[in-house]
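J.: Here's a sequence, model it:
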Amino acid sequence: MKEFCLRAVLIAALAMPGAMAKAQTLTPDQQAVVGTWDFHDGGICEVRIEKGKLYGKIIHTDKKVDNGGVCKKCEGALKNKPFVGMDWLYGFTPEGTTPKWGGGAMVDYATGILYRGKIWTEDGGKTLNVRGYVGNPILGQTIVWKRIK
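T.: This is a model prediction of the structure:
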């Protein structure tokens, strides 16, 4: 029994540094992504951080998509969900201490295509770069959003 307890204490002690490393403090540049953004086609996205991950929700769209305002072409949990209120950016995590967030995904709500992505601010937090790609990030496209608030 004593050996079992000693082993359990040793495992817990070894696991703690790894758990603490995941509780990363965000830099000001990483926190600058939070806010309300005007994206390229007249829509507005609210970006937030929850439990260390970045999410973006559509709060307005002017885009004319002939499908009654729902994501008919999306798959999974987003299928037939209304565009407004949809988390279409999700699961992004900070890339070390750089201003970039990566490892997340974004949905083109008009086509239902799922893209991998990277997100970061520039110009003192006035612009947000949203890079989407399928496969290799070099082959993607970056769209610059403007901060509303």
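
J.: quick one: contacts for G103?
T.: Residues in contact with G103 (C-beta atoms under 8 Å, 6 or more residues apart in numbering) are G91, F92, T93, E95, R116. C-beta here means a position set from N, CA and C on the backbone, and glycine is covered the same way.

J.: Tell me where this structure has helices.
T.: Ranges of helices in the chain, per DSSP state H, are 2-22, 28-31.

J.: For the closest residue to L89 other than its chain neighbours, give me its contacts.
T.: Once flanking residues are discounted, L89 sits nearest to G56: 3.2 Å by C-beta to C-beta, 6 or more residues apart in numbering. With contact taken as C-beta under 8 Å, 6+ apart, G56 is in contact with W37, C45, E46, V47, R48, D87, W88, L89, Y90, M106.

J.: 6 Å instead, please
T.: C45, V47, L89 (C-beta atoms under 6 Å, 6 or more residues apart in numbering).

J.: and the helices of the chain, which one's lowest on average pLDDT?
T.: For these, mean pLDDT drops lowest on helix 2-22, to a mean of 39.

J.: and which of the contacts of G56 is nearest F83?
T.: C45 (11.0 Å; C-beta to C-beta).

J.: Cool, thanks, signing off.
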